[in-house]
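Q: Predicted model and sequence below, questions to follow.
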Amino acid sequence: MIGALAAACFVKAFGAVFLGVARRPHEREPVEAPRTMLVPMAALALLCAAIGLLPALAVPFLDRAAATWSAAATAGGGAPVPLRTLAPVGPLGWITVLSAALWVGAAAAVLLLRRRMRVEDDQRVPTWDCGYAAPTARMQYSSSSFAEMLVAIFRWALRPREHAPRLRELFPKSAHHRSHVDDVVLDRWFLPVLRWIARKLLWLRFLQPGRIQLYILYVLIAVLALALSTVPVGELLKGLVPR
Amino acid sequence: MMSDRAVDAAVQPLLLLLLPPLLLGVIVKTKAAFAGRVGAPLLQPYHDLWKLLRKGAVLSRTTTSVFLAGPAITWVAVVLAGLLVPLAGGAAPIRFDGDLILFAYLLALGRFFTALAALDTGSSFEGMGAAREMTFACLAEPALFLGLLALARTSGGESLSDLFGAPIAASWSSATPTMVLVLFGLFIVLLVENSRIPFDDPNTHLELTMVHEVMVLDHGGPALGVVLHGAAVKLLVLSSLVVGLVVPVRVDAAPLRWALFVAATLAVAVAVGVVESTMARLRLLYVPNLLMGACLLTGFGFLLLLGTHP
């Protein structure tokens, strides 16, 4: 289920950001970033994709790193590290071969289909609108309409908030409908708990008066405490006690 | 004389590409028989595909390269998934431990790109279809995985070839209730993944009633042909899972085995046709309930095993 949800999430994100028609005209004509900014991002993205799709190529590097680390750990007298290679994690060789086959096959199929379906730009037509005469870009599926069904199914956990107009009169005036889904974990659990802790600990503020002398004193106390912690108190006590 | 494995490895890709349209023909014929009509010839889907592949292209101004990449990548992903399944018992051309996860996610990858191609058109109808397809998939995925997990537990294997291989017959006698539950669960997954009734009616061309068909409203000509063929391959692949469950008899002779497989697959197509003729499409709001029912079926099937198959 997590996999399918992830797929739905990325369809939603990619579709809403990159596909379809712009809902509003651009306020300023967008400008592409200079190449020095694009190339590093592309290189990092390619490396990410390569590690995921061709794991057998990435594993030797990781194994070598793991080997030096485990050798160092064993030399230092630590327990031997059990996992010296990543190979048992999964059928990495198969994944590599098959994903290479998949993407080579996919690229070939895409090229073939594109050659077969080449259409000049001036021959293109509008998207099929089911006979409706005046569609506008705002009628597209937005990302919240895409997620609406999923949100409805998981309503018990996600608790979407809706502000729907209530119709009372025969001729209702123009109204707005808004809905949004809060981040369940962050907005409903972490932030309230953290805020509560912050309120309860307000009295500790006197420690932070903003005077540098005090902070230096804190550092001194910390250093002294550390130094004292090395003193073998037990041994000293034993020495004090007469035999 | 070729060895059995070589025969299997050669026959499977061929069947995978050539058999699927016949399944569609059988379904249509079954439905026609129920309605008292003669119906289209069995081989009509082949003619339709051939016609589509020769047609010219019409593209929307809105679409980008994603629009054509969708059908192409989906087709490749589905066919690759088909090579992981042992079609006629035996062993699949490609198999390794854990390939069932790759199988499920190849199908998901295909769905991902079909949905992207749908959103690429900027049409609200296609956006709606994409949203429904992705939503239903979220609920069908646990049913599929729990079913496969139950099979993995009964057979003790970790690849699809082990799951649907020789131990199936033994599983039927040792874990009958589980096998029945998993069978029902997988049949429901087959129906939803292929957008058949009761989830979706592939025959309607009313945009608002559809799930899969509405996503490909804007695809025409060769692209539509690729979409339809890919969908038919997916139908065959998922039917073969059901076949693998219900036909536990394993014949050694390759020709007989493949003939048995084709006959059983066509029988599944008839079953799909019977379901479509005797049921109405569910109201969209009830679809998630049915899918959760499928998850419960396969989930219970798995739970039943916990005592008997450690």
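A: It's in. All figures in this text were calculated on a predicted structure; none of them were measured in a lab. Numbers count the residues shown, from 1 in each chain, chains lettered A, B, ... in the order given.
Q: Got phi/psi on the residue lying closest to residue A:165 once chain neighbours are set aside?
A: Closest residue to residue A:165 apart from its sequence neighbours, by CB to CB, 6 or more residues apart in numbering or on different chains: residue A:175 at 3.3 Å. C-beta coordinates here come from the backbone N, C-alpha and C atoms, glycine included. Dihedral angles of residue A:175 (phi, psi; degrees, to the nearest 10) stand at phi -140, psi 170.
Q: Before we move on, what's the pLDDT of residue A:175?
A: Each residue has a pLDDT score; the one for residue A:175 is 81.
Q: Thought residue A:168 was touching it, still the case?
A: No. Residue A:175 lies out of contact with residue A:168 (CB atoms under 8 Å); the separation is 10.8 Å.
Q: in chain A, which ranges drop under the pLDDT threshold?
A: Low-confidence segments of chain A (pLDDT under 70): A:70-89, A:133-134, A:242-243.
Q: so is the residue in it that chain B sits nearest to in a helix, a strand, or just coil?
A: Closest to chain B within chain A is residue A:141: 2.4 Å, counting by CB to the nearest CB. Following DSSP: H, G, I helix; E, B strand; the rest coil, the label given to residue A:141 is coil.
Q: OK, contacts around it?
A: A:15, B:119, B:124, B:126, B:127, B:128, B:130, B:131 (CB atoms under 8 Å, 6 or more residues apart in numbering or on different chains).
Q: Got a PyMOL select line for the buried ones in the residues you listed?
A: In PyMOL syntax, the buried subset of the contacts of residue A:141 is picked out as below (16 or more other CB atoms under 10 Å in any protein chain shown):
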select buried, (chain A and resi 15) or (chain B and resi 119+124+126+127+128+130+131)
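Q: Pull the distance from the helix or strand hosting residue A:192 to the chain's centre.
A: For residue A:192, the enclosing helix or strand under DSSP states H and E is helix A:191-200. Distance, stretch centre to chain centre, for helix A:191-200: 25 Å (CA atoms, centre = their mean, to the nearest Å).
Q: Please name every helix or strand in contact with it.
A: The contact analysis (3 or more CB pairs under 8 Å, 6 or more residues apart in numbering or on different chains; DSSP states H and E) places helix A:191-200 against no helix or strand.
Q: Could you pull out the buried residues of it?
A: Residues of helix A:191-200 include none that count as buried (16+ other CB under 10 Å).
Q: Can you name the next helix or strand after that helix?
A: Using DSSP H and E, the first helix or strand after helix A:191-200 is helix A:212-229.
Q: show me what contacts the closest residue to residue A:164 other than its chain neighbours?
A: Excluding the flanking residues, the one nearest residue A:164 by CB to CB, 6+ apart is residue A:177, at 5.3 Å. By CB under 8 Å, 6+ apart, residue A:177 lies in contact with A:162, A:163, A:164, A:165.
Q: repeat for residue B:129
A: By CB under 8 Å, 6+ apart, the contact set of residue B:129 is B:118, B:210, B:211, B:212, B:213, B:214, B:215, B:217.
Q: can you give me the mean pLDDT across the host helix or strand of it?
A: Secondary structure from DSSP H and E places residue B:129 in helix B:124-155. Confidence for helix B:124-155, expressed as mean pLDDT, is 89.
Q: same question for whichever helix or strand comes after it, mean pLDDT?
A: Remark: after helix B:124-155, the chain's next helix or strand is helix B:160-163, criterion DSSP H and E. The pLDDT scores in helix B:160-163 average 81.
Q: ok, residues contacting helix B:160-163?
A: B:84-86, B:90-92, B:95, B:99-100, B:103, B:148, B:151-152, B:155-157, B:244.
Q: picking up where we left off before, roughly how far does the residue nearest to residue A:165 sit from residue A:181?
A: Relative to residue A:181, residue A:175 is positioned 21 Å away (CB to CB, to the nearest Å).
Q: same question, residue A:112
A: For residue A:112, the distance to residue A:181 - CB to CB - is 41 Å.
Q: thinking again about what came up before, let's see if you can find the most crowded of the contacts of residue B:129.
A: residue B:118 (32 neighbours; other CB atoms under 10 Å in any protein chain shown).
Q: Would you agree that one is in contact with residue B:127?
A: Yes. Using CB under 8 Å, residue B:118 makes contact with residue B:127 at a distance of 6.9 Å.
Q: returning to what we had before: can you pick out the residue with more neighbours from residue A:175 and residue A:181?
A: Ranked by neighbour count (other CB under 10 Å), residue A:175 and residue A:181 place residue A:181 first, with 16 against 10.
Q: Please work out how many residues are found near the closest residue to that one other than its chain neighbours.
A: Among residues not flanking residue A:181 along the chain, residue A:160 sits closest, at 4.6 Å (CB to CB, 6+ apart). Each residue near residue A:160 was counted by other CB under 10 Å, and the total is 15.
Q: Please state the backbone phi and psi of residue A:160?
A: phi -60, psi 150.
Q: Check which helices and strands the helix or strand that contains residue B:180 sits against.
A: Secondary structure from DSSP H and E places residue B:180 in helix B:176-193. Counting contacts by 3+ CB pairs under 8 Å, 6+ apart, helix B:176-193 packs against helix B:124-155, helix B:167-174, helix B:221-246, helix B:254-278, helix B:287-308.
Q: and for the helix or strand that it is followed by, what are the contacting residues?
A: For helix B:176-193, the succeeding helix or strand toward the C-terminus, using DSSP H and E, is helix B:212-215. Here helix B:212-215 makes contact (CB under 8 Å, 6+ apart) with B:114-115, B:117-118, B:125-126, B:128-130, B:133, B:194-195, B:200, B:202, B:204-205, B:207-208, B:231.
Q: Just the buried subset of those residues, written out for ChimeraX, thanks.
A: Command for ChimeraX that selects the buried part of the contacts of helix B:212-215, burial taken from 16+ other CB under 10 Å:
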select /B:114,115,117,118,125,126,128,129,130,133,194,195,200,202,207,231
